[in-house]
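Enquirer: Need a 3D model of the sequence below.
(one chain, ligands or ions: 1)
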Amino acid sequence: MIDCAISQKQLTDWANDLQLVADITQSYAVILKVNAAGEYRQLIQSELCQQDDIEALIRHFNHKAHLNLYQNATPKVNTSSTRAAPHNPFNESSTFSQYQVNLPVDVRHAAAYQQALIPDVKAMPQWRDAGLGSLIYLPIIWSSGAHFGVFCLYHKAALQLDDKALQLASLTVNSLQLNLSELHRAQRQQMTVLRGDAQSIDIIDLQTFIDSFEEHIWVKNTEGVYTICNQSVEKAWDLPRSDIVGKTDEDLFGKAIADIFLNGDRLAIEAGAPIIVAECLDGENKNNHLWLETLKLPALTPDGELAGVIGMTRNISKHKEVEEQLTLATNVFKHSFEGVVVTDRHGNITDVNGAFYEITGYSREELLGQNPRLFNSGRHEKAFFETMWNNLLGGGKWNGEIWNRRKDGTIFPQNITISAIYDEVGEIRYFVAVFADISAQKQSEAQLAHLAYFDPLTHLPNRMKLMIQLKQEIMHAKRLNSQLATVFIDVDLFKHINDSFGHSIGDEMLVELAKRLRSQLQEQDVLSRIGSDEFVALISGIQYHEDATAAINQLRQVFEQPFVVSTGDHLRLTATMGVSLYPSDGSNADTLLRNADAAMYRAKSEGRNNYAFYTESLTKESIEHLKLQSALYGALEQNALYLMYQPKVDLVTRKTVGVEALLRWNDPILGQISPSVFIPVAEKSGLIYDIGLWVLETACQQGVHWLAAGKQFGRIAVNVAGQQLQRNSFVEDVKRILTQTGLPATCLELEVTESVMMNNPDVAIRDLKLLGDLGIVLSVDDFGTGYSSLNYLKKLPIHKLKIDQSFVRDIPFDTNNTAIAKAVIVLGHALKLEIVAEGVETAEQADFLTQNLCDQAQGYLFSRPQLPADVEAFFTKLK
Ligand SMILES: Nc1nc2c(ncn2[C@@H]2O[C@@H]3COP(=O)(O)O[C@H]4[C@@H](O)[C@H](n5cnc6c(=O)[nH]c(N)nc65)O[C@@H]4COP(=O)(O)O[C@H]3[C@H]2O)c(=O)[nH]1
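Expert: Predicted coordinates:
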């Protein structure tokens, strides 16, 4: 852009010229001039010009300029060069698509370069909004070819301007351009006087001068012929000066590249000022290429006439590198998810990134110039900040967690690193703080802590938390000199609910139960869930034993109402509770909980749906339990185990149709121990598997023995524990024992309890089927105590149902049991199963069962369990 001051007198003269043209054509005239920013601005106008019209013109040309910027910014270049161009400034192997032209603002005005007569402006879509009727516009050009501005002549009505008006306008513009040439010449002369006589510079000196530059320097005349170049050009283009001077770009580089260069020349001429026309990559390998930048400026004669173009190409790789690093750093700063704030050394915020104001809620403008004290949450002591500053000023860095306050007042934790940035003389210039909002992390830490101490299903405290609370409650009770009740609540047969209705129904019931239990307690009392079906309540402020009993009865009330689950079923629960009291039953948390547990077991052994207070004798009992467990480990080797056999009779013929093998343990020290006592111990310790195999093997051997002696016993029934059936090897073990002992599978019956089958129904069905296929009869023991659905029973590959003795007891007098027994018989028969009644002790029971078509019976009425020899006699007697 040529910068030449225009005197007021000159402007007045031009204004008069404009008025003359306007008067003659009865229209309005205006000159728009391009400023340094490349934008059109109103320079002068004829009288009565309306500002709206001028602004419409300005808008139009500025908009055009803007469009041209984009149209011209990326000239497409043909990449194929017809001949090797050793002097190609971009290197012969460069990729020309990397070539780009950076347009200076002055040369965006291609539209204004054309002259135009528009008789009907409204008919031109691009002019439709201008509010004009007819229009003439002509470019005003400096003598060098640079753009000065645009002359516009317009009328509000269409078809008012014609060729004559255009001629008049052209004459006016010519005169304007002559004035501009004069102005320019005068200014150049003035400059020459100031700088000294250019003619005195010797041409040799000029060559020496330009040869001393590393940059490539050349000059082309108005025909595009090189007239001067320096040694750097010779070196880069690998040609002697004599081969460059006198040649055009087309001669040197071929047409395609020449067009690009000439376009650059043209832009520089139009700009009338130095412009950077190109940046390009030199070198094939991206890692060591050079960035070159070409600057072009029009060469003018002292008269301001265009003499050619001067070019200078320089290596800007260093600058590019810094620029890239800067861009990278800016992008990291901008796009970082972490908040970044920069302060000066006094702590005034000088910059923040997007993440920072997103996290804090402040806008950039609100933050600039502020002190980070703005975010103070008030959570930290003065000493905290003192330590922070000591670290920062002493070591240049501080990292830690700070609670800060957002604009909306909420406070949040952040992990922050603050670094001091020093200047060249080692003084702190800035502080840069980078932080991450760790609210989510803190939240998950809190969630983890919650998980560690709370049961995720019921949200009640878990065992760990209970122990902490129990210790606190003990201290509290000690202080108040009161008692504390620890109530262990075990839900009866809850496993059956899970097995029969699925775990989600089980969960529903537990959640509801937790709610009900909690509602029965005082606010200061504690309720926790310490196992799947085990809850513990801590009831404080107990003065008398009766207070504890009242509290327990209160808790027991929650079981009176059925639990309505999502399937619509009304299910009932009962629970067995054990209570220990501080300080009488223990002075520490472990003892109190253990004793409440022991009391619960005592209550359970006395029948479920019950509660018991701890007594000292219970401690003895649990010691007994431990003794029993260790004694049982030796029982197998010491031959302390043996089997007894109880006959099963056909209720119609009253003949023995089979025997059930029942395990007995006679310990040398502890004496005779009932299976209902030691079988649970064997199950808990895992010993049951080996014991079960021993029972099976012994019973099979006994059967073979009887068969060999010609004794017809029917089938030997052996009890199978849950853990046996859960082992993958069970079917193979049974097969192996049958093979080893030689007992036909048809002489064996396996009794599996209903709850065991429900435990893992899929495995149970698969294994029982395999066993059934061998010819073994399978019966469901203790039927009626579980929750088998009819549908489920149908799927089981079983042959017999054994009615549990609890239902046989008191028939035919107990109407409930009588109804259940009858229903089981009908149900079993419908499923084509044989029905066996257990625990038949009276003739009435036997008669009732016979009348109701029960198939077989077992009980003291027929025989107590017998030693093998005695049961043999029993066969004979019945035969
Ligand atoms: N009140 C009364 N009881 C009668 C009458 N007739 C039979 N009984 C008893 O009822 C129980 C029947 O066995 P069960 O239900 O399988 O119940 C068995 C069974 O579940 C388990 N058990 C016994 N032997 C074994 C075994 O070898 N393996 C496994 N896993 N469990 C066994 O121990 C439980 C208890 O066995 P026992 O004490 O022998 O008790 C036996 C038997 O002596 C009667 O008329 N009235």
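Enquirer: what domains does the record give for the protein?
Expert: 8-79+104-195, 202-321, 340-443, 454-614, 628-878 (automatic domain parsing).
Enquirer: Alpha carbons of stretch 534-542, as CSV, please.
Expert: Coordinates of each C-alpha in stretch 534-542 appear next as CSV, following Å, rounded to 0.1, in the frame of the first residue of the first chain:
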residue,chain,number,x,y,z
GLU,A,534,-27.5,-62.3,59.3
PHE,A,535,-28.2,-59.0,61.0
VAL,A,536,-26.9,-57.5,64.2
ALA,A,537,-28.7,-54.9,66.3
LEU,A,538,-27.1,-53.0,69.1
ILE,A,539,-29.6,-51.7,71.5
SER,A,540,-28.3,-49.2,74.0
GLY,A,541,-29.7,-47.7,77.2
ILE,A,542,-30.8,-51.0,78.6
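Enquirer: pLDDT averaged over it - what is it?
Expert: Averaging pLDDT along stretch 534-542 gives 95.
Enquirer: Thr330 is nearest to which of the domains of the chain?
Expert: domain 340-443 (9.6 Å; Cβ to Cβ). Where C-beta positions appear, they are placed from N, C-alpha and C, glycine not excepted.
Enquirer: Give me the distance between the two termini of the closest one.
Expert: End-to-end span of domain 340-443 (Cα to Cα, to the nearest Å): 23 Å.
Enquirer: so which of the domains of the chain gets nearest the ligand?
Expert: Of all the domains of the chain, domain 628-878 sits nearest to the ligand, with 3.2 Å by Cβ to the nearest ligand atom.
Enquirer: Quick one: mean pLDDT for that closest one?
Expert: In the prediction, domain 628-878 has an average pLDDT of 88.
Enquirer: Would you tell me whether that domain gets close to the ligand?
Expert: Yes - interface with the ligand: domain 628-878 contributes 646, 662-663, 674-676, 679, 692, 695, 719, 721, 751, 781-782, 805, 838-841, 858-860, 865 (Cβ under 6 Å from any ligand atom).
Enquirer: hmm, which of those are the buried ones?
Expert: The neighbour-count test (16 or more other Cβ atoms under 10 Å) marks 646, 662-663, 679, 692, 695, 719, 721, 751, 781-782, 805, 838-840, 858-859, 865 as buried among the residues of domain 628-878 next to the ligand.
Enquirer: What about Gly586, how many residues nearby?
Expert: Gly586: 20 surrounding residues under other Cβ atoms under 10 Å.
Enquirer: again but with Pro240, I slipped
Expert: Pro240: 9 neighbours (other Cβ under 10 Å).
Enquirer: just Asp569 next, same as before
Expert: 11.
Enquirer: hang on, the earlier thing: inside helices: which ones of the buried ones among the residues of domain 628-878 next to the ligand?
Expert: Residues of these located in helices (DSSP state H): 679, 692, 695, 805.
Enquirer: quick one: contacts for Asn817?
Expert: Neighbouring residues of Asn817 by Cβ atoms under 8 Å, 6 or more residues apart in numbering: 806-811.
Enquirer: who wins for neighbours among the residues you listed?
Expert: Tallying neighbours with other Cβ under 10 Å puts Val808 at the head of these, with 28 neighbours.
Enquirer: so who does it touch?
Expert: So Val808 contacts 817, 821, 837-840, 845, 849, 859 (Cβ under 8 Å, 6+ apart).
Enquirer: change it to 10 Å
Expert: Each residue near Val808 by Cβ atoms under 10 Å, 6 or more residues apart in numbering is listed here: 784, 814, 817-818, 820-821, 837-842, 845-846, 848-849, 854, 857-859.
Enquirer: how about Gln414, secondary structure?
Expert: Per DSSP: H, G, I helix; E, B strand; the rest coil, the local secondary structure of Gln414 is strand.
Enquirer: wait, it sits on Ala355?
Expert: No - the pair Gln414 / Ala355 is not scored as a contact, 11.3 Å apart, by Cβ atoms under 10 Å.
Enquirer: any shared contact partners between these two?
Expert: In contact with both Gln414 and Ala355: 338-339, 434-437, using Cβ under 10 Å, 6+ apart.
Enquirer: now, the most widely separated pair of these?
Expert: Among these, Val434 and Asp437 lie farthest apart (Cβ to Cβ), at 11.9 Å.
Enquirer: Common neighbours of these two, please.
Expert: With Cβ under 10 Å, 6+ apart, Val434 and Asp437 have common neighbours 338-339, 355, 414-415.
Enquirer: Please name the bridge partners of Val487.
Expert: Ala537, Val579 (DSSP bridges).
Enquirer: Give the burial count for it, as a bare number.
Expert: Using other Cβ under 10 Å: Val487 sits among 26 other residues.
Enquirer: who's in contact with it?
Expert: The contact partners of Val487, by Cβ under 10 Å, 6+ apart, come to 517, 521, 525, 527, 535-539, 548, 551-552, 555, 577-581, 596, 599-600, 611.
Enquirer: try Thr576
Expert: Thr576 touches 488-492, 599-612, counting by Cβ under 10 Å, 6+ apart.
Enquirer: Which of the helices or strands spans Thr227?
Expert: Using DSSP states H and E, Thr227 sits within strand 226-229.
Enquirer: Given that strand, what are its sheet partners and their directions?
Expert: Strand pairing for strand 226-229, using DSSP bridges, gives strand 216-221 (antiparallel).
Enquirer: and the strand it pairs with, average pLDDT?
Expert: Per-residue scores along strand 216-221 average to 93.
Enquirer: so how far is that strand off the chain centroid?
Expert: 61 Å (Cα atoms, centre = their mean, to the nearest Å).
Enquirer: Just the C-alphas of that strand, formatted as PDB.
Expert: The C-alpha coordinates for strand 216-221 follow below in PDB (Å, rounded to 0.1, in the frame of the first residue of the first chain):
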ATOM      1  CA  HIS A 216      18.400 -14.700  -2.400                       C
ATOM      2  CA  ILE A 217      17.900 -11.300  -3.900                       C
ATOM      3  CA  TRP A 218      16.900 -10.500  -7.500                       C
ATOM      4  CA  VAL A 219      15.200  -7.800  -9.500                       C
ATOM      5  CA  LYS A 220      12.900  -8.300 -12.500                       C
ATOM      6  CA  ASN A 221      11.800  -5.600 -14.900                       C
END
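Enquirer: Buried ones in the helix or strand harbouring Leu770, by neighbour count?
Expert: In the assignment (DSSP H and E), Leu770 maps to helix 761-774. Applying a neighbour-count criterion of 16+ other Cβ under 10 Å, the buried positions in helix 761-774 are 764-765, 767-768, 770-772.
Enquirer: try stretch 226-237
Expert: Neighbour-count burial for stretch 226-237 [16+ other Cβ under 10 Å]: 226, 228-234, 236-237.
Enquirer: quick one: which of those is nearest Ile217?
Expert: Asn230 (4.5 Å).
Enquirer: Look at the nearest residue to the closest one once chain neighbours are set aside and give its secondary structure.
Expert: Closest residue to Asn230 in three dimensions, ignoring its sequence neighbours and counting by Cβ to Cβ, 6 or more residues apart in numbering: Ile210, at 4.1 Å. Here Ile210 is helix, with the state taken from three-state DSSP.
Enquirer: Would you confirm that Ile210 contacts Thr227?
Expert: No - using Cβ under 10 Å, Ile210 makes no contact with Thr227, being 12.0 Å away.
Enquirer: Among the buried residues of stretch 226-237, give me the pair with the biggest separation.
Expert: Longest span within the buried residues of stretch 226-237, Cβ to Cβ: Ile228 and Ala236, 15.1 Å.
Enquirer: In contact with the closest residue to Asp782 other than its chain neighbours, which residues?
Expert: Leaving aside its chain neighbours, Asp782 sits nearest to Asp804 (4.3 Å; criterion: Cβ to Cβ, 6+ apart). Asp804 makes contact with 753-754, 780-786, 820-821, 824, 837-839, according to Cβ under 10 Å, 6+ apart.
Enquirer: Pull out the buried members of those residues.
Expert: By 16+ other Cβ under 10 Å, the contacts of Asp804 give 753-754, 780-784, 786, 820-821, 824, 837-839 as buried.
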